[in-house]
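Chemist: turn this into a model:
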Amino acid sequence: MPEQAQRRAPEAPPQPDPLENNHPLEELRQLIVAPEQEGIAEIRERMDNLDRRAEDVSSVVAEAIQKRRDQGDDRALADALAPTIQETLRESVRRDPHVLADALFPVMGPAIRKSIGEALRSMVESFNEALEHSLSTQGVRWRLEAIRTGKPFAEIVLMHSLVYRVEQVFLIHRETGLVLHHLVAPAVAAQDPSMVAGMLSAIQQFVKDSFQAQRGDTLGSLEVGELHVWIEEGPDAVIAAVIRGHAPSDYRLALKEALEGIQEHYAAALDRFQGDAGPFRGAGDRLGHLLETRIREKPGEKKSPRAAIAAGIVVAAILVAWLGFGWYQHREWSRFVETLRQQPGIAVTSAGKVDGRYQIRGFRDPLSADPRQLLAQAGLSVQKADFELAPVYSLYDAIVEKRAEGLLGPPATVALSVKNGILRAAGSADSLWISGFAQKAHWVPGVASVDTAQLKNADQAALEGIVLTFPVGSPDLDPGQDVTLAKAEQDIRSVLNAAFASGGVGSVEIIGHTDDTGVDGTNLTLSNQRAARIENILTRAGIRAAALRARGVGTTMPLGSESSDEGRHLNRSVTFRVLPPSASSNP
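Modeler: Prediction:
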């Protein structure tokens with residue numbers, strides 16, 4: 001290696017390039033730091049790629065949540081997830097409420113039935129006690145006692161008639177003293193269960209420490225005023241029942257059996273308990289029977305007459321329901337009769353119930369609303385009603401309008417309206433319908449007068465819109481206007497026939513026009529010739545000459561602008577105008 005270096009040294013340039021001298025160092029640096037740089041680049045790319053970050057998090061999110069719960073910080077986790085879960089539930093209900101309803105159905109149904117059953121049972125027992133003691137001598141004494149002591153009458157009755165009542169049941173974790181489940185009887189004011197459980201655990205520990213109790217010895221009961229607290233301890237759980245009155249000894253056996261069932265069913269949950277009472281929510285099904293209530297029986301009787309009272313309640317409920325339904329039916333029929341009286345075209349003279357059927361008498365226009373349909377819309381039985389409504393012509397505007405539409409048959413382009421007996425027609429129609437309308441409108445019952453100010457003659461408008469054009473200086477039509485001329489002839493006949501049908505004599509004016517080329521005298525003569533030519537054609541077609549008036553106006557009535565060929569061509573024309581009857585009477 002040195003010899004090779006010495007042989008190569010003379011070949012090197014006098015001043016070597018620094019970049020060439022650093023090349024081995026660069027290779028060495030790449031060999032040393034290249035893996036770290038690649039790792040850093042990989043990490044940077046992994047952090048910048050959202051898809052890869054989401055994939056990494058998804059693989060450990062479940063384990064991370066479980067680890068957070070194992071650390072005892074599940075409350076912070078619940079606080080963090082609560083807004084998202086609430087918004088998710090809200091959005092799910094907004095999109096499709098049936099999904100959540102179907103999920104809750106197996107739970108809500110039994111819960112609602114159980115709640116209603118308990119409420120009804122409590123109501124019947126309270127009603128039974130109140131009815132039993134309200135009117136008796138003993139009940140009067142108890143009311144006086146309630147007034148004297150300032151206590152509610154129900155509390156006095158309970159105090160004298162109650163054997164015992166279990167008001168609260170606590171399920172407590174033995175080691176930590178935390179509440180696992182808590183039950184409260186109806187109408188009982190309950191304290192904070194965690195505070196009560198803590199105090200019970202503290203009292204237990206105080207008794208053990210103060211009296212040097214041996215291992216396994218426990219405090220079985222304690223008294224607080226009128227309340228007794230019975231306590232049963234198991235290996236992992238404690239049951240405490242708060243009792244008002246004197247419970248029998250077999251109730252303690254029920255506490256022990258319930259505790260044994262809890263220990264067996266929730267053994268794993270009790271062993272892993274870290275402060276979360278969630279796994280014990282279903283314990284209420286195993287503890288619910290412990291909320292007992294027993295009322296003192298009367299001497300010589302085994303039980304109070306609950307069956308008779310219940311039967312009385314049922315009969316009273318049926319009677320009230322029957323009376324209520326009858327009142328409801330009467331009210332609905334009264335509303336229907338009042339609605340019928342307000343219908344245009346219907347006059348009710350009498351309404352009443354005969355032999356279980358409703359009879360309604362009066363008058364009705366055939367165009368008014370059908371009373372049987374109104375009855376069905378009101379939700380009443382059509383089979384229970386008899387209508388005796390004599391036919392009559394009503395003069396209500398709404399009925400007169402229906403009658404006019406039925407008799408006159410207006411086209412879709414005409415709207416009829418009636419107000420104060422005046423029949424108004426608005427829109428456009430052909431001459432034949434207008435002439436028929438003028439003749440028949442006064443025949444409609446309830447129509448006092450007719451207003452046609454807003455009614456336009458479609459044939460007249462069509463005729464007055466026709467333009468026949470001519471060549472320059474010629475009285476002969478431009479070629480290719482046979483169809484337009486035939487349309488003009490048809491419209492003229494319709495206008496004249498309509499005028500004749502209405503009792504008048506109609507006429508049509510044929511007006512000749514010219515452009516402004518040439519002198520005025522020549523143009524006037526040419527316009528007269530053009531009008532006369534069209535008059536001759538129509539007369540030969542069979543139209544009465546007396547109904548036509550031809551005149552030329554020269555350049556005095558231009559139809560278009562003279563500044564363009566199109567405008568001048570339009571001015572070399574013949575147009576039509578329908579003359580009013582007054583004008584037609586003076587030919």
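Chemist: all helices for the stretch 151-300 of the chain, in order.
Modeler: Assigned by DSSP state H, counting those that start in this stretch, the stretch 151-300 of the chain shows helices spanning 153-161, 193-210, 250-265, 267-271, 284-287.
Chemist: between these, which gets the lowest average pLDDT?
Modeler: If the helices of the stretch 151-300 of the chain are sorted by mean pLDDT, helix 153-161 sits at the bottom with a mean of 62.
Chemist: which element is the spatially most central residue of the chain on?
Modeler: Nearest to the geometric centre of the chain sits residue 94, at 11.7 Å (C-alpha atoms, centre = their mean). Assigned by DSSP states H and E, residue 94 belongs to helix 74-95.
Chemist: what helices and strands are in contact with that helix?
Modeler: Judged by 3 or more C-beta pairs under 8 Å, 6 or more residues apart in numbering; DSSP states H and E, helix 74-95 is in contact with helix 50-70, helix 97-134. (Each C-beta comes from the backbone N, C-alpha and C, glycine too.)
Chemist: the shortest one vs helix 74-95, what angle?
Modeler: Relative orientation of helix 50-70 with respect to helix 74-95: 120 degrees, computed using axes from the mean of the first three to the mean of the last three C-alpha atoms, to 10 degrees.
Chemist: straight-line length of stretch 379-387, end to end?
Modeler: 17 Å (C-alpha to C-alpha, to the nearest Å).
Chemist: how about that stretch: buried residues?
Modeler: For stretch 379-387, a neighbour-count test (16 or more other C-beta atoms under 10 Å) marks 380, 385, 387 as buried.
Chemist: and stretch 492-512, by the same measure?
Modeler: Of the residues in stretch 492-512, 492-496, 498-499, 501-502, 504, 506-512 count as buried by neighbour count, 16+ other C-beta under 10 Å.
Chemist: lowest-pLDDT helix or strand in the chain?
Modeler: Among the helices and strands of the chain, helix 2-8 carries the lowest confidence by mean pLDDT, DSSP states H and E, at a mean of 38.
Chemist: after that helix comes which helix or strand?
Modeler: helix 18-48.
Chemist: and that next one, what does it pack onto?
Modeler: helix 50-70.
Chemist: now the helix it packs on: average pLDDT?
Modeler: Average pLDDT, helix 50-70: 73.
Chemist: cool, and stretch 555-567?
Modeler: In this model, stretch 555-567 has a mean pLDDT of 87.
Chemist: list the buried residues of it.
Modeler: For stretch 555-567, burial by neighbour count (16+ other C-beta under 10 Å) applies to 555, 558, 560.
Chemist: ok, stretch 169-188 next?
Modeler: Those would be 169-174, 177-183, 185, for stretch 169-188 by 16+ other C-beta under 10 Å.
Chemist: same deal with stretch 439-449?
Modeler: 441, 444, 446, 447.
Chemist: and for it, what are the contacting residues?
Modeler: 393-395, 399-400, 403-404, 407-408, 418, 420-423, 425, 450, 501-502 (C-beta atoms under 8 Å, 6 or more residues apart in numbering).
Chemist: now with 10 Å?
Modeler: With contacts defined as C-beta atoms under 10 Å, 6 or more residues apart in numbering, stretch 439-449 is touched by 365, 393-397, 399-401, 403-409, 416, 418, 420-425, 450-452, 501-503.
Chemist: which phi and psi does residue 395 have?
Modeler: phi -100, psi 10 (degrees, to the nearest 10).
Chemist: do the same with residue 454
Modeler: phi -100, psi 10.
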